[in-house]
Structure formats: structure tokens, C-alpha cells
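A.B. asks: what's the 3D shape of this:
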Amino acid sequence: MLLAIETSCDETAVAVLDDAKAACRASTIADVVIADLVSSQTKLHEPYGGVVPELAAREHIVNLPLMIGEALEQSAMTFCRLDAVCVTRGPGLKGCLLVGLCFAKSLALGLGVPLVTVNHLEGHLYAGELAAPGERPEYPLLALIVSGGHTLLVFAKEERSYEVVAKTRDDAAGEAFDKGAMLLGLPYPGGPSLSRAAIDGDFARYKLPVGVSGDPASFSFSGLKTALQRVVTQLGEKAREKEVVQDLAASYQAAIVRALTEKSVIACEAQRPRSFVLSGGVAANESLRVCLAEEMGKRGIKYCVPARRYCTDNAAMIGLLACRIIQRNPQSYRQWRSAGPQPGYLGPGVPDDIGALAKWPLGAICP
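C.D. replies: Residues are numbered from 1 along each chain as shown. From the prediction side, this is the model:
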């Protein structure tokens, strides 16, 4: 049994997973994920219009003990029955990461169980496996990981072998959504607010640019934000009228979705994957989900997108990735459990002075 902790940004998340069930690819997620809790800090950060790292870290300190206790209670577990602890090491807000990492290190040391540290972006990629057995991705796969802090296309020829084939030069797509919402006077969190406003808007009313359209290896959203800002300035007070806001939101969203979809299609034609995975917070956007589903359907590529609860930050995806890491070398973890902790280490290959990584590219991960 494995306890998973995720604190990379402003969601505190805890999950309990059954590693033995996770090893059976026919198991349902209900069999594997025994408890799954997420505490959002949206209301805490709303007055500031964005995440305040110090406040987020303090909130994690308050939330983690309570949520771990609740997760163990929900799963009818006790600390002494845990076989491993896993935690997000990075990338993310360093103060927030440190709260989860220090808590996980203390738990692993106190319980005498191995610690597994994982990459948050890789966790999002594995969120595609949080689906019914027949709907899970197959290798080779292409993944679009798109959130408030990250936008990249990743090709995986096999499990835990990654090549980043496209990434943003500036803003992430989720950040672009949030900045666009602020320009339109929409409430925090900006991304969902802008998407709701776009539902009744005319996406063709305003012509907004798609950044670096000639470069298949790059995304760019800063120019799009500037273009929206110019239109808002030109419109003046009219830019606050409901119908105008809806049309601007729809046009702005359409430009983001078009950029993400076009680059994904180009990468699919170059890499020829069996599956396409959409993950990250922006994967909850309905317009993006529909557009990519249509394009993948045309090409006969298996389209895998997690349920919306697994698109945003969660500990279930972190725990599932840790299960896969353990399954690649189960003997070392069994030996660790039977022999007891080794001086200077908290788990196989995990030194006790391991620190958080605000930046941790997928290409730097060792299988």
C-alpha cells in the first residue's frame, strides 16, 4: 500500500493506492485508488488574482496532516500498514514542494518504508492511465501536457522514455487563459471563467494571432495576449459589454485551441503514435477536448484524456507513477523493506538530503 502526496502549487492532494492492484493492467481505477483527496485554495488566492506562493505553502502545512488522516480513515488503513510513501519533487513552486517533500521524508523515515520521489509533469502524463482498462494509452504515444505553468508536446516511444518535441517559448497556455480573463475583467480563476464566457460568444468576430505558426517545435502565447490587450484598449468602455466580452473570450480561446491542436497534429504526423494523451489543467477545457478528439479520430489515433478531476493537480496520478517506478525494480524495494533503512538514504537511490526542484525537465528524468 502506498501513500501519495502532491503539493507542487496551490492544491493539497493525498491518495492511497494498492500497488499490487496497480501491477495488474486489467484492474479498474476504483481497485487501485483506495482514497483520493484534493483541497483547493481558490478562495484563499482569489483576492490577489493569482497564486501567492507563501500563502500556498502555509496552507499545505495546515492541510497535509488533516488530509492524510482522512485518507487513511477512508481506506481503512493505518500508518503501520503502509509499504511506501511517494511525493512530487518538482517542478513547481519551491516552497510548496518543500512542504510535501519534508512531510513525506519524515513519514518514510519514521515508518521505515522507502520514499519514491516523482516528476510532476510525468505524473500528468500518467494521468492518462486513470481510465477504464480499454481506454488507457498504448505506446508509442504523444502527450500534450498543458497547464498554468507548462505547455509541451512529449513523444514516448516506450514507458519512461521521453522526447520533448515542442514547448512554449514564453507563457503557458493556462497562463494565457488567466491573463486573458484578467484583461476582460472576468473573475478568478481566469481559465474556467473565460471558457464559460466563450460558450455564447462568436469565435470568428475578432481575428487574433496564432503565435509562431511556422515553427512546429514551439508554442507562443505572449503575442496573443498583447493582441487582446490592444483590442480591449481600442474598444474602451464597450469592451465591458456582456456580448463583446463573450465574443472576445470565444475568439481568444479559439486562438489558443487552434495553436495547441495544429501543433499536436503536426507532431502526430511526424511521430505516428498509437495513442494521443491530453493532460494537465487546461485539458479540462471542453473546446480543446472536442477539437483534439476530432483530429485524432480522423487519423485513427487512440485518444486518451483523463476525467476532469484527474486533469488538475492530484495525488492519484503521482501515486500511479510511483507504482510504475516500483514495478520496474520490485526486488530493490522488497529488499529495502526487509533489510530496513540504509544510512544516508530514504529509499533505493533516494539520498536523505534530496531537495525540491523548481525546474525539472522531462528529458532529465532517468528511467
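
A.B. asks: Stretch 55-66 - what's its average pLDDT?
C.D. replies: Stretch 55-66 comes out with an average pLDDT of 97.

A.B. asks: secondary structure class for Thr117?
C.D. replies: Using DSSP: H, G, I helix; E, B strand; the rest coil, the structure places Thr117 in strand.

A.B. asks: can you give me the strands for the stretch 101-250 of the chain?
C.D. replies: For the stretch 101-250 of the chain, the strands defined by DSSP state E, counting those that start in this stretch occupy 115-119, 141-146, 151-158, 161-168, 218-219.

A.B. asks: Can you say which of those strands is packed in most?
C.D. replies: strand 141-146 (a mean of 27; mean count of other CB atoms under 10 Å). Glycine gets a C-beta too; all of them are placed from N, C-alpha and C.

A.B. asks: Which secondary structure elements does it sit against?
C.D. replies: Applying 3 or more CB pairs under 8 Å, 6 or more residues apart in numbering; DSSP states H and E, one finds that strand 141-146 contacts helix 120-126, strand 151-158, helix 242-271, strand 275-279.

A.B. asks: Please convert those to CSV, extending it with distance to Gly50 and mean pLDDT.
C.D. replies: Formatted as CSV, the helices and strands packed on strand 141-146 follow (distance: least, CB to CB, whole Å; pLDDT from 0 to 100):
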stretch, distance to Gly50, mean pLDDT
helix 120-126, 19, 96
strand 151-158, 17, 96
helix 242-271, 18, 97
strand 275-279, 22, 97
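
A.B. asks: Highest mean neighbour count out of the ones you listed?
C.D. replies: Of the helices and strands packed on strand 141-146, helix 120-126 is the most buried (mean count of other CB under 10 Å), at a mean of 27.

A.B. asks: Can you name every helix or strand that that one contacts?
C.D. replies: By 3+ CB pairs under 8 Å, 6+ apart, helix 120-126 packs against strand 84-90, strand 141-146, strand 151-158, strand 275-279, helix 315-328.

A.B. asks: Among the ones you listed, single out whichever gets nearest to Arg196.
C.D. replies: For Arg196, the closest of the helices and strands packed on helix 120-126 is strand 141-146, at 18.6 Å, according to CB to CB.

A.B. asks: want to throw the helices and strands packed on strand 141-146 into JSON lines with distance to Ile325?
C.D. replies: Formatted as JSON lines, those follow (distance: least, CB to CB, whole Å):
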{"stretch": "helix 120-126", "distance to Ile325": "10"}
{"stretch": "strand 151-158", "distance to Ile325": "15"}
{"stretch": "helix 242-271", "distance to Ile325": "25"}
{"stretch": "strand 275-279", "distance to Ile325": "18"}
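
A.B. asks: Tell me which residues touch Thr261, please.
C.D. replies: Leu288, Cys291, Leu292, Glu295 (CB atoms under 8 Å, 6 or more residues apart in numbering).

A.B. asks: Columns neighbour count and secondary structure on top of these, output as a markdown table?
C.D. replies: Formatted as a markdown table, the contacts of Thr261 follow (neighbours: other CB atoms under 10 Å; DSSP: H, G, I helix; E, B strand; the rest coil):
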| residue | neighbour count | secondary structure |
| --- | --- | --- |
| Leu288 | 24 | helix |
| Cys291 | 19 | helix |
| Leu292 | 23 | helix |
| Glu295 | 17 | helix |
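
A.B. asks: show me where the protein has helices.
C.D. replies: 19-23, 29-32, 42-45, 53-74, 94-111, 120-126, 173-183, 190-198, 222-235, 242-271, 286-299, 308-311, 315-328, 330-339 (DSSP state H).

A.B. asks: what's the closest non-adjacent residue to Ile266?
C.D. replies: Distance criterion CB to CB, 6 or more residues apart in numbering; nearest residue to Ile266, sequence neighbours excluded, is Pro216 at 4.4 Å.
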